[in-house]
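# Any chance you could fold what I've pasted below:
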Amino acid sequence: MYRPVKVVVEHHADGYVAYPLGLKGVVVGQGTTYAEALQDVESAIQFHVETFGEDVLDPNPDSPVLEAFVAEAGIQVK
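Purely as a prediction, here's the structure:
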């Protein structure tokens, strides 16, 4: 059964980092290209589900994350 998962892919100076939205636990993929990071995180998601069970998935697949926004917040540092 195919289950879509929304993934955020960030581009940094030294490569790409990808992580899923709506999963319980921490799952991260990385790569030198966008495609490598996406492939790595897909593999990591699969491993995470196989290891911890389908309970890590969003319990309401009919109401998935529709959009994700990047915003900037400021904090005071010493």
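
# how near is the most centrally placed residue in the chain to Ala73?
Nearest to the geometric centre of the chain sits Pro20, at 1.6 Å (CA atoms, centre = their mean). Separation of Pro20 from Ala73 (CB to CB, to the nearest Å) stands at 22 Å. Where C-beta positions appear, they are placed from N, C-alpha and C, glycine not excepted.

# do Met1 as well
For Met1, the distance to Ala73 equals 38 Å [CB to CB].

# repeat for Thr32
Counting by CB to CB, the gap from Thr32 to Ala73 is 29 Å.

# Specify which residue of these two has the higher count of neighbours.
More neighbours surround Thr32 than the other of Thr32 and Ala73, with 10 against 4 (other CB atoms under 10 Å).

# Let me know whether the more buried one touches Tyr16 as I believe.
Yes: Thr32 lies in contact with Tyr16 (CB atoms under 8 Å); the separation is 7.3 Å.

# give me phi/psi at the residue nearest to the centre of the chain?
Backbone torsions for Pro20, taken as degrees, to the nearest 10, come to phi -80, psi 160.

# Val49: what's it in contact with?
Val49 sits next to Val56, Leu57 when contact means CB atoms under 8 Å, 6 or more residues apart in numbering.

# Please give the element, helix or strand, for it.
Here Val49 sits within helix 34-52, counting by DSSP states H and E.

# Measure how far that helix is from the centre of its chain, please.
From the chain centre to the centre of helix 34-52 is a distance of 9 Å (CA atoms, centre = their mean, to the nearest Å).

# Could you pull out the buried residues of that helix?
For helix 34-52, the neighbour count (16 or more other CB atoms under 10 Å) marks Ala37, Leu38, Asp40, Val41, Glu42, Ala44, Ile45, His48, Val49 as buried.

# Quick check: chain neighbours aside, which residue is closest to the fifth one?
Take Glu42 and drop its neighbours on the chain: the residue closest to it by CB to CB, 6 or more residues apart in numbering is Gly29, 7.3 Å away.
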